[in-house]
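Q: 3D, please:
(one chain, ligands or ions: 1)
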Amino acid sequence: MTATDEVIARERQFLLQTYSRYPLVVQRGKGVFVVDLDGKRYLDFVAGLGVNALGHAHPRIVKAIREQAARAIHLSNLYYNEYQGRLAEKLCGLSGLQRAFFSNSGTEAIEGSIKLARLAGHRAGGEAKSQLVALQGSYHGRTFGAMSLTGQDKYRKGFEPLLEDVKFVARNDTEALRAAVNDNTCAIVLEPIFGEGGIRECSIEFLRECRVQADRHHAALIFDEIQCGLGRTGTIFAFQGLGVTPDIVAIAKPIAAGLPLGAFLAKEEFASAISVGQHGTTFGGGPLACRVALEYLAIVEEENLLENVMRVGGYLQQQLQLLVERYAAAQEARGRGLIQGLQLDTPARPVVEQALAEGVLFNSTQDTVLRFLPPFLLQEKHVDKGIRVLKKLLGTKRRKSRE
Ligand SMILES: *Cc1c(COP(=O)(O)O)cnc(C)c1O
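A: From the prediction side, this is the model:
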């Protein structure tokens with residue numbers, strides 16, 4: 001039995017069988033590459049599902065973790081630590097929102113956001129003001145609250161009853177939105193760019209209408225930027241590139257360079273609805289995670305990574321567009337910055353499996369979409385390598401006739 005087979009066999013015996021993993025055991029990584037148990041190197045367009053924006057083993061992150069781990073990893077929220085307030089200040093400054101709460105994951109950031117919106121709703125309109133509006137095809141996480149906002153049957157089935165009072169509208173259907181929102185709505189929750197949902201953007205017009213409806217009915221507009229936020233679109237918050245500001249924004253994935261940390265940020269008028277004891281966490285906002293998150297934000301700034309995201313993201317988009325023009329199996333390229341998708345007319349997982357053999361990690365979502373969430377350190381030459389592999393794998397398909 002190889003070392004890889006052994007790892008796989010052990011998991012098969014002892015873990016809840018909730019994942020359908022690829023047959024790859026990653027031992028370590030450096031920059032935009034990961035290395036398996038046999039020493040084989042893979043170019044990484046997945047980045048741990050959008051978490052490893054700085055790739056692996058960034059020297060400044062390694063240094064911050066080493067230093068802080070030797071001082072204090074965890075203290076609990078019974079006491080102050082040196083970094084939680086500083087991180088909140090930094091994120092408030094960057095977002096223009098006023099207060100932060102730190103969780104351990106994206107799901108929990110969503111959960112906290114809707115708890116806050118319910119409190120603010122009840123304060124403004126009594127018990128009846130508790131309805132939530134979310135989008136069909138969305139993904140917000142796996143707890144009962146987040147799952148209740150997730151507009152896909154495959155994630156909900158078998159777990160009913162979920163939260164009552166959630167209405168789903170189709171993305172970009174402004175009429176359906178207007179019909180769904182009323183004075184009993186406490187929040188409209190959406191991903192400005194669907195991630196798991198296949199890299200599909202909300203239109204500016206739709207986002208503006210969400211803002212109008214939320215204001216008109218004193219509901220919170222909540223953006224889930226867990227996947228698209230913190231630089232992936234080329235701006236620190238995706239909403240900054242879209243011109244619509246939410247009342248509450250949830251963030252997580254890349255924030256602490258791979259350590260578990262999430263957060264939601266809120267405008268004061270909503271933040272003021274919560275009081276001592278109404279929400280909390282043992283782990284969230286610990287000194288190690290917060291110090292590393294501050295380092296993450298400093299690195300993004302000092303290494304001009306947003307510029308890189310824009311430039312290399314633009315190049316990736318252009319190359320994916322060429323695939324759409326030339327290969328019958330490639331139907332549409334979507335996204336911006338380094339959150340992009342390629343819509344195929346066939347299942348995407350076999351392509352991902354074949355790319356693995358070629359030394360490139362891609363991800364598939366919604367069955368037929370190839371999703372690209374690479375580290376912000378990606379360069380044009382890495383895009384070229386990924387595209388070469390895609391051409392090889394899509395190339396067995398009929399070529400489109402050129403006009
Ligand atoms: C990943 C993700 C979540 C859930 O975050 P976890 O850290 O897995 O709990 C929620 N919303 C979006 C948009 C995500 O991409």
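
Q: now Asn184: how far from Phe223?
A: If you measure Asn184 against Phe223 using C-beta to C-beta, to the nearest Å, the figure is 21 Å. Every residue, glycine included, has its C-beta placed from N, CA and C.

Q: which of those two has more neighbours?
A: The neighbour comparison of Asn184 against Phe223 (other C-beta atoms under 10 Å) goes to Phe223, with 30 against 16.

Q: just the CA trace of the host helix or strand of Lys392, in CSV.
A: Per DSSP states H and E: Lys392 is located in helix 380-394. The C-alpha trace of helix 380-394 is given here as CSV (Å, rounded to 0.1, in the frame of the first residue of the first chain):
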residue,chain,number,x,y,z
GLU,A,380,0.6,35.4,-16.3
LYS,A,381,3.0,32.4,-16.8
HIS,A,382,0.9,30.4,-14.4
VAL,A,383,-2.3,31.4,-16.3
ASP,A,384,-0.5,30.2,-19.4
LYS,A,385,0.2,26.8,-17.8
GLY,A,386,-3.4,26.4,-16.7
ILE,A,387,-4.8,27.3,-20.1
ARG,A,388,-2.4,24.9,-21.8
VAL,A,389,-3.8,22.1,-19.7
LEU,A,390,-7.4,23.2,-20.3
LYS,A,391,-6.7,23.3,-24.1
LYS,A,392,-5.4,19.8,-24.0
LEU,A,393,-8.4,18.5,-22.0
LEU,A,394,-11.0,20.4,-24.0
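
Q: and the stretch 151-300 of the chain, which residues reach the ligand?
A: Applying C-beta under 6 Å from any ligand atom, we find that the stretch 151-300 of the chain lies next to the ligand at Glu191, Gly195, Glu196, Asp224, Ile226, Gln227, Ala252.

Q: need the residues you listed in a markdown table (columns: pLDDT and neighbour count).
A: Formatted as a markdown table, those follow (pLDDT from 0 to 100; neighbours: other C-beta atoms under 10 Å):
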| residue | pLDDT | neighbour count |
| --- | --- | --- |
| Glu191 | 98 | 27 |
| Gly195 | 98 | 25 |
| Glu196 | 98 | 21 |
| Asp224 | 99 | 34 |
| Ile226 | 98 | 29 |
| Gln227 | 98 | 27 |
| Ala252 | 98 | 28 |
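
Q: tell me the helix or strand right after the longest helix along the chain.
A: Across the chain, the longest stretch assigned as helix under DSSP state H is helix 305-326. Toward the C-terminus, helix 305-326 is succeeded by strand 330-336 as the next helix or strand (DSSP H and E).

Q: where along the stretch 201-350 of the chain do the helices fall?
A: 204-216, 268-271, 287-302, 305-326, 349-357 (DSSP state H, counting those that start in this stretch).

Q: from those helices, which stretch is densest packed?
A: Neighbour counts (mean count of other C-beta atoms under 10 Å) averaged over each of the helices of the stretch 201-350 of the chain peak at helix 287-302, with a mean of 21.

Q: so that helix versus helix 305-326, what angle?
A: 70 degrees (axes from the mean of the first three to the mean of the last three C-alpha atoms, to 10 degrees).

Q: what about helix 287-302, average pLDDT?
A: For helix 287-302, mean pLDDT is 98.

Q: one more: stretch 317-326?
A: The average pLDDT within stretch 317-326 is 97.

Q: what residues does that stretch touch?
A: 330-333, 335-336, 340, 342, 372, 383-384, 387, 390-391, 394, 399-400 (C-beta atoms under 8 Å, 6 or more residues apart in numbering).

Q: the residue of the stretch 51-200 of the chain found nearest the ligand and Ala293, how far apart?
A: Minimum separation of the stretch 51-200 of the chain from the ligand (C-beta to the nearest ligand atom) falls at Gly106, amounting to 2.3 Å. Per C-beta to C-beta, Gly106 is found 14 Å from Ala293.

Q: same question for Asp215.
A: For Asp215, the distance to Ala293 equals 31 Å [C-beta to C-beta].

Q: can you check Ala124 too?
A: Separation of Ala124 from Ala293 (C-beta to C-beta) stands at 32 Å.

Q: ends of stretch 326-345, what's the gap?
A: One end of stretch 326-345 to the other measures 14 Å (C-alpha to C-alpha, to the nearest Å).

Q: what residues sit buried inside it?
A: When burial is assessed from 16 or more other C-beta atoms under 10 Å, stretch 326-345 yields the following buried residues: 327, 329-330, 333-344.

Q: next: stretch 161-178.
A: Those would be Val166, Lys167, Phe168, Val169, Arg171, Asn172, Thr174, Ala176, Leu177, for stretch 161-178 by 16+ other C-beta under 10 Å.

Q: what's the nearest residue to the most centrally placed residue in the chain if we skip its chain neighbours?
A: Residue closest to the average C-alpha location in the chain (C-alpha atoms, centre = their mean): Gln227, at 1.3 Å. Spatial nearest neighbour of Gln227, chain neighbours left out: Gly195 (3.5 Å); criterion: C-beta to C-beta, 6 or more residues apart in numbering.

Q: quick check: that neighbour vs Gln366, distance?
A: Noted for Gly195: a distance of 10 Å to Gln366, by C-beta to C-beta.

Q: just Glu301 next, same as before
A: Relative to Gln366, and taking C-beta to C-beta, Glu301 is found at 33 Å.

Q: what's the farthest-apart pair in the residues of the stretch 151-300 of the chain next to the ligand?
A: Glu196 and Ala252 (13.4 Å; C-beta to C-beta).

Q: buried residues, stretch 25-37. List them.
A: Val25, Gly29, Gly31, Val32, Phe33, Val34, Asp36.

Q: next, the fourth one: phi, psi?
A: Backbone geometry at Val32, expressed as degrees, to the nearest 10, gives phi -90, psi 10.
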